[in-house]
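1. return a 3D structure for these sequence lines:
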Amino acid sequence: MEGRVVEGVVTPGRQIGQTIGFPTANIPLQEGLCEPGVYHTQVQVEGDERRYEAMSNVGWNPSVGGQELRLESHLFGFEGSLYGRRIRVTLMEKIRDERRFDSVEELRLQLVADRKQILHMLENK
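-> Purely as a prediction, here's the structure:
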């Protein structure tokens with residue numbers, strides 16, 4: 001799946017990521033397009049020439065009762081709103097499988113560890 005590119009228009013989610021310090025740009029996905037999991041990604045935003053390093057989840061968000069397959073990307077260093085804008089997400093490397101956590105706090109702690117792992121990978125390239 002690495003190297004796969006997914007494009008779409010950012011749609012509003014349930015704002016859970018924002019409440020725990022990980023706001024995401026959400027794109028609905030068709031099943032079978034990407035393997036569920038957490039990835040190091042690179043994101044290009046329509047109208048912005050910069051390429052953002054990011055952490056993305058492909059899946060159903062089982063920890064928070066999600067029922068729609070989505071690609072959710074947390075862009076490192078991006079500030080502002082992406083709603084209604086087209087983004088292009090390149091899956092660079094899968095870092096773990098999607099899994100269900102027992103609490104939102106447990107999910108938040110895993111996201112902190114995932115971000116740290118991706119940033120460490122980027123520092124050592």
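2. all contacts plus neighbour counts: C-alpha atoms, from now on.
-> OK.
3. Gln30: neighbouring residues, count only.
-> Per other Cα atoms under 10 Å, the neighbour tally for Gln30 reads 11.
4. wait, it touches Leu69, no?
-> Yes - counting by Cα atoms under 8 Å, Gln30 touches Leu69, with 7.1 Å between them.
5. helix or strand with the lowest mean pLDDT in this structure?
-> Lowest on mean pLDDT, DSSP states H and E among the helices and strands of the chain sits helix 16-19, with a mean of 82.
6. any stretches of this protein with poor pLDDT?
-> Low-confidence segments of the chain (pLDDT under 70): 1-2, 61-67.
7. and the lengthiest helix in the chain, what's buried?
-> When the chain is parsed with DSSP state H, its longest helix is helix 104-123. Residues of helix 104-123 classed as buried: Leu107, Arg108, Leu111, Asp114, Arg115, Ile118, Leu119 (neighbour count, 16 or more other Cα atoms under 10 Å).
8. no further queries at this time; thank you.
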